[in-house]
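Peer 1: I'll drop the sequence and a predicted model, then ask my questions.
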Amino acid sequence: MILELHKSLMNKEISAKELTDKYLCAIDSLNPDLNAYVKITRDSALKTADIVDRKIAGGEEIGLLSGIPMSLKDNICTENIETSCCSEILRGFVPPYSATAWQRLMTEGAVMLGKANMDEFAMGCTGESSVFGATRNPHNRDFVAGGSSSGSAASVASKLAVYSLGSDTGGSVRQPSAFCGCYGLKPTYGSVSRYGLIAYASSLDQIGILASSAEDVSLVFDRISGYDPKDSTTCRSHSLCTFDSLNCDINGKRVGIPKELLDKAQGEIKAAVLNFAEKLEKMGVEVELFSMPVLIDALPSYYIIAFAEASSNLGRYDGIRYSDRADSYESIHEMIVKTRTQSFGKAVKKRIITGTFVLSEGYYDKFYAKAQKVRKALSEKFTEVFGKYDVILTPTTPKTAFKLGETAVDKEAAFFADLCTVPANLAGIPALSLPCGKTGLGLPVGVQLLADKWQENLILNIANMYEKLTKDDSIAGRGWVL
Ligand code: GLN
């Protein structure tokens, strides 16, 4: 889609301003219902579009992302534009600087339409914990869009943005992508700078991309990835270009499906994964089931590590530097307690308390140290498995989208939703969710491809070839009912 839009802009079939206007009009009519955007940056979007138009009129070269309308998750800092993490405690926070990933897109001439809704502090998997209310699933408004990048996924799926940047700590790009029927990439840890991404769990967080094709994901990834002196975890020695290998022949590639994750998926999702595998076999890929029991231990370990890191990262929100303070207090301690109590949501408080607990004396070895051991064992096992398979194929989620309010009753269901996505974050490897059909209820199903570190090109290549093969399966492409 990005390449076609770029061509239309260059051929003057449409101006960047007209394109932006079109998207803004669609946002005006659909957003009140979907709640994908929490802030619309109309003026700056039109201003950027105007600059792009003037460049085109002057015969200047423009980047491929110039003039292309997009959305940005509300935990990615935007200079002079409120970035609230959809939390009361950061309401009104206007960052004095921009995140590197966003800065790189701005340099390209990207048109940001607005800030996308999300679970508070990116903690959750339904989008319902946002202080601005839940995002609705564009395929069925009674269902959630997923989380935590709920607005990013809903904006792409409902054509209110061409692509979006989200963040993925344990599945927050891939899971909403699966629920809304788009492509979502969680890149290798250290490939995209986290500078300016508001931290949830720093050893797991990565900025990711949501779009409506593997090609679009690749185009954006190639432009935002790479070494950043402002983030010491980014890597100097790896400069990734995924676009050139999108159309490589995948004949002879080896794909493994771990039984443990396939068996936990609901019937229609299992069928989708096997259907996907069959299509790959048609293209000469060798597919095999294998066993990797440690995958099941990833989920509890993830929650211990993520909560522990969150309890430390969120310590900075104390009512002194951020947020409105509590009205009355008698000591600084009381002020901090009152402010944090009134301004953090329930899910966030629960995580801070649990995270503090697992790090406390007497429990550190029992929980935190043990979880780190599982993380190490998981990484080692992945290294071994990638000696045998090029790519691992799994469901993205064990179930399709929840009904609005469903996880308030069935709390365990929300945690279980992350079963297949958290292993990639713990091991730091790249993972992509792509759409591969719909259930009888019309809800999208996603499958996930994982590869070894710095192998984004491989998973995007396979996704792109699959997309080409199945393009004609329905008008929507890959939209057949399972
Ligand atoms: N649902 C997971 C959690 O709540 C993942 C969130 C994320 O990736 N940001 O921790």
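Peer 2: Done, it's in.
Peer 1: what residues does the stretch 251-400 of the chain put near the ligand?
Peer 2: residue 306 (CB under 6 Å from any ligand atom). From N, CA and C alone the C-beta is placed, and that goes for glycine too.
Peer 1: so where's the stretch 251-400 of the chain shaky on pLDDT?
Peer 2: Within the stretch 251-400 of the chain, not a single segment meets pLDDT under 70.
Peer 1: tell me which residue of it lies closest to the ligand.
Peer 2: residue 306 (5.1 Å; CB to the nearest ligand atom).
Peer 1: got the contact list for the closest residue in space to that residue that isn't next to it in sequence?
Peer 2: Nearest residue to residue 306 in three dimensions, chain neighbours excluded: residue 201, at 4.2 Å (CB to CB, 6 or more residues apart in numbering). Residue 201 sits next to 169, 305-310, 313 when contact means CB atoms under 8 Å, 6 or more residues apart in numbering.
Peer 1: give me the distance between the two termini of stretch 152-167.
Peer 2: 10 Å (CA to CA, to the nearest Å).
Peer 1: do the same with stretch 434-448
Peer 2: Rule used - CA to CA; the end-to-end distance of stretch 434-448 is 6 Å.
Peer 1: distance check, the residue nearest to the spatial centre of the chain against the ligand.
Peer 2: In the chain, the centroid-proximal residue (CA atoms, centre = their mean) is residue 173; its distance is 1.7 Å. Distance from residue 173 to the ligand, counting by CB to the nearest ligand atom, to the nearest Å: 7 Å.
Peer 1: doesn't residue 183 make contact with that residue?
Peer 2: No. With contact defined as CB atoms under 8 Å, residue 173 does not reach residue 183; the gap is 9.7 Å.
Peer 1: which residues do these two both contact?
Peer 2: Common neighbours of residue 173 and residue 183 (CB under 8 Å, 6+ apart) are 210, 433.
Peer 1: residues near residue 398, how many?
Peer 2: 20 (other CB atoms under 10 Å).
Peer 1: tell me how far the helix or strand containing residue 22 is from the chain's mean position?
Peer 2: Assigned by DSSP states H and E, residue 22 falls within helix 16-34. The chain centre lies 22 Å from the centre of helix 16-34; the measure is CA atoms, centre = their mean, to the nearest Å.
Peer 1: could you list every helix and strand in contact with that helix?
Peer 2: helix 2-10, strand 37-40, helix 42-57, strand 69-73, strand 111-116 (3 or more CB pairs under 8 Å, 6 or more residues apart in numbering; DSSP states H and E).
Peer 1: ok, back up a step: what's the pLDDT at the residue nearest to residue 306?
Peer 2: Residue 201 carries a pLDDT value of 97.
Peer 1: so it: helix, strand or coil?
Peer 2: Judged by DSSP: H, G, I helix; E, B strand; the rest coil, the three-state class of residue 201 is coil.
Peer 1: quick check: it vs residue 377, distance?
Peer 2: Going from residue 201 to residue 377 by CB to CB, to the nearest Å gives 19 Å.
Peer 1: is it true that residue 325 touches residue 332?
Peer 2: No. Counting by CB under 8 Å, residue 325 does not reach residue 332; the two are 10.5 Å apart.
Peer 1: neighbour count: those two, which is higher?
Peer 2: Counted by other CB under 10 Å, residue 325 and residue 332 do not tie: residue 325 has more neighbours, with 16 against 11.
Peer 1: and the more buried one, how far from residue 93?
Peer 2: 14 Å.
Peer 1: for residue 316, same thing?
Peer 2: Counting by CB to CB, the gap from residue 316 to residue 93 is 12 Å.
Peer 1: circling back to that earlier point, would you reformat the contacts of residue 201 as CSV and include secondary structure, distance to residue 83 and neighbour count?
Peer 2: What follows is these, written out as CSV (DSSP: H, G, I helix; E, B strand; the rest coil; distance: CB to CB, whole Å; neighbours: other CB atoms under 10 Å):
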residue, secondary structure, distance to residue 83, neighbour count
169, coil, 17, 28
305, helix, 25, 25
306, helix, 21, 26
307, helix, 23, 24
308, helix, 25, 24
309, helix, 20, 22
310, helix, 18, 25
313, helix, 15, 18
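Peer 1: quick one on the thing from earlier: hey, what's in contact with both of residue 316 and residue 93?
Peer 2: residue 322.
Peer 1: okay, the two: which has more neighbours?
Peer 2: In this view residue 316 and residue 93 are compared by other CB under 10 Å, and residue 93 has more residues nearby, 17 against 10.
Peer 1: show me the contacts for residue 288.
Peer 2: Going by CB under 8 Å, 6+ apart, residue 288 touches 254-257, 389.
Peer 1: kindly recompute the last result at 6 Å.
Peer 2: By CB atoms under 6 Å, 6 or more residues apart in numbering, the contact list for residue 288 reads residue 256.
Peer 1: just residue 294 next, same as before
Peer 2: Residues counted as contacts of residue 294 (CB under 6 Å, 6+ apart) are 377-378, 381.
Peer 1: show me which of those are buried.
Peer 2: 378, 381 (16 or more other CB atoms under 10 Å).
Peer 1: keep only those of the contacts of residue 294 that are in helices.
Peer 2: 377-378, 381 (DSSP state H).
Peer 1: what sits up against stretch 100-114?
Peer 2: Identification of contacts with stretch 100-114 by CB under 6 Å, 6+ apart yields 20, 23, 37, 39-41, 45, 48-49, 52, 62-63, 65-66, 69-72, 76, 161, 192-193, 195, 207, 223-224, 228.
Peer 1: which parts of it are buried?
Peer 2: 100-106, 108-114.
Peer 1: residues contacting stretch 167-176, please?
Peer 2: Taking CB under 6 Å, 6+ apart as the rule, stretch 167-176 contacts 73, 75, 122, 125, 145-150, 153, 166, 184, 186, 197, 200-201, 204-208, 302, 396-397, 418, 421-422, 425, 433.
Peer 1: and if you look at stretch 379-388?
Peer 2: Contacts for stretch 379-388 (CB under 6 Å, 6+ apart): 294, 427, 452.
Peer 1: only alpha carbons, please: show it as PDB.
Peer 2: What follows is stretch 379-388, C-alpha atoms only, in PDB (Å, rounded to 0.1, in the frame of the first residue of the first chain):
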ATOM      1  CA  SER A 379      17.000 -18.600  25.100                       C
ATOM      2  CA  GLU A 380      19.400 -21.500  25.000                       C
ATOM      3  CA  LYS A 381      16.600 -23.800  23.800                       C
ATOM      4  CA  PHE A 382      15.700 -21.300  21.000                       C
ATOM      5  CA  THR A 383      19.400 -21.200  19.900                       C
ATOM      6  CA  GLU A 384      19.400 -25.000  19.700                       C
ATOM      7  CA  VAL A 385      16.000 -25.200  17.800                       C
ATOM      8  CA  PHE A 386      17.100 -22.500  15.300                       C
ATOM      9  CA  GLY A 387      20.000 -24.900  14.400                       C
ATOM     10  CA  LYS A 388      17.300 -27.200  13.100                       C
END
